[in-house]
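Student: Everything below, folded, please.
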Amino acid sequence: MQSHVNPSFQDAEATEDWERALISGNGRQGALCYGTPSALRFTLAHEDLFQPVTEPLPAPATAAALPGIRELLATARFTEAAQAVCDIAVQEDQGYAETRWIDPLIGAATLTFTPDSPGDGYVRGTDFTTGVVRQQWSGVTCDAFVSRTADALIVRVTGTGGTLTVGPVDGTPERPIDFSVARSGDDVVLTARFDVPWKGALDGYAVAVRLSRTPASVLIVARAAPGLRSPAQALAELPAGGFDELLEAHAAAHSDLFGRVAIDLGGRREQTLFDAGRYAIISSTGTRPPTLQGVWSGTYSPPWRSGWTIDGNLQAALLAVHSTGTPELMPPLFDLLDTLRADFRSNASRLYGMPGLLAPAHLGNHGRQNHFGPIWCLTFWTAGAAWLGRLYLDHWQYTGDADFLRSRALPYLREVAEFHLAFAEFEGGRARFSPSYSPENDPGGLGAQACVDATLDVQAVRDVLRALVRHDGSDPRWSALLAALPPYRITDEGELAEWLDPRFPENHAHRHCSHFYPFFYAGDAIVEADPALHAAAVKAVRSRLRWWLSEASDEMGYGLALLGVAAAHLGLGEEAYAALVRIADAYWRPNLVPTHNRDHMFNVDLAGGFPALIVAMLLRSRDIGEDGVARFDLLPALPAAWPSGSVRGLVARGPVTVDLSWSPAGLHATLTSPCDRTVEVGHALDRRVLHLSADQPGTLTFSLPTAIL
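Tutor: Model (predicted):
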């Protein structure tokens, strides 16, 4: 199997910086593979290894203050409204006197292999199809992967012997950790005990390592496991078997996921990054979705604690999961939300005195709304659970799984709706949302983020209510609130407004673009039916993109990916491509792991957003309506830079699998549905209707004048 490792890219960057490491992972565990011929390093992390640092508190009891907060917002005292929440919180618990963060996802341990034969000519690379990281130099080869089937890091070094040490990651923990190392021959167990003064917190973890030697190679098998156990137990949990045997089983599982889609853009860099992004998301989705850093960490203090940020980050990371044919990577999100549901209910009750769900922007090993402040007034963000509801709906749209819709999606959506039914105020027959928050923007760039009637609130709540009315129309309140949702606002500059209230001026010099939420997904029928709204959305996207492409912007690459997806949905091929090029040039390091800012902060949100942007340029699908027809468009935002190409395995809502090839002469599509289905397919000015039989491919060909491309 060693000879079958075929790196998808190679470079010669020998590094001691874990953020520039090559990555391998099975979703549950991740390994950062880096170092030099003098010392190879493997830093392990685990999806559940959040060190208990900050005791969770109940969300502050601000429900009784809601009328006063609404009055402050109505009279434009926005900073006072945000400060009122902070004051109440501190009076209730002094723990709120300082900003409270979720607990950090930390690195578990670093394995250091010191070769007997260092040498020159170092090169490294990752095989995306198998998940194997290879490091080589004169006469020495080191292959490493994190097995999906054996749940362990597997390393084989050939061409040299060496010694192995195991120790904590570099740095100082934010709370003390008691480390101990037990060694028996070449077997090593590192045990970490946490200093935790509150009940129910994780007590520690163990990293077990077994080293075996033959005349030809050294085999290292390692596993990080949350929870304390004896060294003997930790070693007993390691898998048996040789490198080739373990790799064969792992590669079959990993390759099945990675191979669902294949794209050919003529070998362009964006083609490689499409693969690199999908590889990172597949490798960091386990029983939980990817955190901000996937399933990798080499520090005790990762940015934003490397939890799950749901005001756009996590949504971007998961945005291509369905459309690239890997729907099984989505239920880990729903499983996570199930574990946090009680906290969401408590947030809604304590913050607003209402039933239903309120999800905070930052999730970790709890879902309590603990993180907010006088500027970052995140208790005012009530749209989080509704936005997550779109992911439930998309899972049904992309899988057609009626049992999932009935047993998981609709119950969740009902609870989301219960909150908004109680929360919405009515004025002149129109629903109002106060307080409100458009992540993480401040109207006019003036510093106060507190607001009312953020456009996102209306968009996300509308998605929830429409789904309930269609699939579970038993409660007339859903239809009543749906009918009362306010219309969109077009600014004096002719742009789709980020805030419906005209008191709030636009602020395009900002990394977020949450008011384009519908265009990240299936679109907005209201916008599509109104030429003025469509033109306003186009102008707003272009205005936000103008800032992003200037030198003033230097942050949050995934935000640019979402903006590019919105541009692609609106048919702006060159604008979408401009976003793609800026991302490709500025937000990927030689290890082909993206960064949050330009060459700063290891981060995987963009690893999902970048493939999603390419997909959006090639395929745009609508929600399946009551007639059951799958409606989608081919090459809706094809740039001039891609005059020809092909892609296999894209998925439109339905689901319908779409294989495409195109050239200046025409477009050929092969479509496959798992059930009998009518599809309506558009390209440029042409639309076709095709009736598909279950599992029987159907084909369409569009002849294209060169001018269309």
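Student: The residue most central in space within the chain and Ser38: what is the separation?
Tutor: Centroid-nearest residue in the chain, with Cα atoms, centre = their mean: Ala317, separated by 2.0 Å. From Ala317 over to Ser38 the distance is 35 Å, taken as Cβ to Cβ, to the nearest Å. Placement of C-beta: from N, CA and C, glycine included.
Student: Next: Ala222.
Tutor: Counting by Cβ to Cβ, the gap from Ala222 to Ser38 is 21 Å.
Student: can you list the residues that contact stretch 8-16?
Tutor: Residues from elsewhere that reach stretch 8-16 (Cβ atoms under 8 Å, 6 or more residues apart in numbering): 20-21, 34-37, 41, 122-129, 272, 275-276, 279, 590-592.
Student: what about it, how long is it end to end?
Tutor: 22 Å (Cα to Cα, to the nearest Å).
Student: now do stretch 188-208
Tutor: End-to-end distance (Cα to Cα), stretch 188-208: 6 Å.
Student: Same question for that stretch: list its buried residues.
Tutor: 188-192, 194, 196, 201-202, 204-208 (16 or more other Cβ atoms under 10 Å).
Student: can you name the two of these that are farthest apart?
Tutor: With Cβ to Cβ as the measure, no two of those lie farther apart than Val188 and Ala201, at 26.2 Å.
Student: any idea how far the residue nearest to the centre of the chain is from Asp605?
Tutor: Taken as Cβ to Cβ, the span from Ala317 to Asp605 is 5 Å.
Student: Any stretches of this protein with poor pLDDT?
Tutor: 1-3, 704-709 (pLDDT under 70).
Student: and the residue nearest to Tyr279 when sequence neighbours are not counted, how many neighbours does it have?
Tutor: Spatial nearest neighbour of Tyr279, excluding adjacent residues (Cβ to Cβ, 6 or more residues apart in numbering): Phe128 at 4.2 Å. Residues near Phe128, counting by other Cβ atoms under 10 Å, number 25.
Student: likewise Gly27?
Tutor: Residues near Gly27, counting by other Cβ under 10 Å: 24.
Student: Next: the one 10 residues further on.
Tutor: Counted with other Cβ under 10 Å, the burial measure for Pro37 works out to 20 neighbours.
Student: just to revisit the earlier point, Ala222 and Ser38: who's more crowded?
Tutor: Just comparing Ala222 and Ser38: by other Cβ under 10 Å the higher neighbour count belongs to Ala222, 27 against 11.
Student: Can you tell me the element the more buried one falls in?
Tutor: strand 217-226 (DSSP states H and E).
Student: picking that back up, list residues touching both of Ala317 and Asp605?
Tutor: Tyr558.
Student: circling back to that earlier point, need the buried residues of stretch 188-208 in TSV (columns: distance to Ala82 and secondary structure).
Tutor: Compiled in TSV, the buried residues of stretch 188-208 are given as follows (distance: Cβ to Cβ, whole Å; DSSP: H, G, I helix; E, B strand; the rest coil):
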residue	distance to Ala82	secondary structure
Val188	51	strand
Val189	49	strand
Leu190	44	strand
Thr191	44	strand
Ala192	39	strand
Phe194	34	strand
Val196	32	coil
Ala201	30	coil
Leu202	33	coil
Gly204	38	strand
Tyr205	38	strand
Ala206	44	strand
Val207	43	strand
Ala208	48	strand
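Student: Would you mind checking which of those residues is nearest to Gln397?
Tutor: Using Cβ to Cβ, the buried residues of stretch 188-208 come closest to Gln397 at Leu202, 36.4 Å.
Student: Next, the contact list for that closest one, please.
Tutor: Counting by Cβ under 8 Å, 6+ apart, the residues that Leu202 touches are 48-52, 194, 196, 226-227, 365.
Student: Distance of it relative to Gly95?
Tutor: Counting by Cβ to Cβ, the gap from Leu202 to Gly95 is 20 Å.
Student: Go through stretch 413-426 and flag the buried ones.
Tutor: 413-421, 423-424.
Student: now stretch 561-578
Tutor: 561-573, 575-578.
Student: same question, stretch 349-359
Tutor: 349-352, 354, 356-359.
Student: give me the number of residues near the closest residue to Glu495 other than its chain neighbours?
Tutor: Distance criterion Cβ to Cβ, 6+ apart; nearest residue to Glu495, sequence neighbours excluded, is Ala540 at 3.9 Å. Ala540 has 25 neighbours, counted by other Cβ under 10 Å.
Student: helices or strands next to the strand holding Ala222 in the packing?
Tutor: strand 39-50, strand 105-115, strand 153-158, strand 204-213 (3 or more Cβ pairs under 8 Å, 6 or more residues apart in numbering; DSSP states H and E).
Student: could you say what helices and strands the next helix or strand after the longest one packs with?
Tutor: Along the chain past strand 39-50, the next helix or strand (assigned with DSSP H and E) turns out to be helix 66-74. With contacts defined as 3+ Cβ pairs under 8 Å, 6+ apart, the secondary structure elements packing on helix 66-74 are helix 78-92.
Student: just the angle between the helix it packs on and helix 66-74, please?
Tutor: Orientation check (axes from the mean of the first three to the mean of the last three Cα atoms, to 10 degrees): helix 78-92 against helix 66-74 gives 150 degrees.
Student: Which strands and helices lie in contact with helix 78-92?
Tutor: helix 66-74.
Student: Can you name the residues that contact Arg598?
Tutor: Counted by Cβ under 8 Å, 6+ apart, Arg598 has contacts 554-555, 557, 586-587.
Student: If any of those are buried, give me the ChimeraX selection for them.
Tutor: This is the ChimeraX syntax for the buried subset of the contacts of Arg598, where burial follows 16+ other Cβ under 10 Å:
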select :557,586,587
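Student: Next secondary structure element downstream of the one helix or strand Leu660 maps to?
Tutor: Element membership for Leu660, per DSSP H and E: strand 656-663. Using DSSP H and E, the next helix or strand after strand 656-663 towards the C-terminus is strand 666-672.
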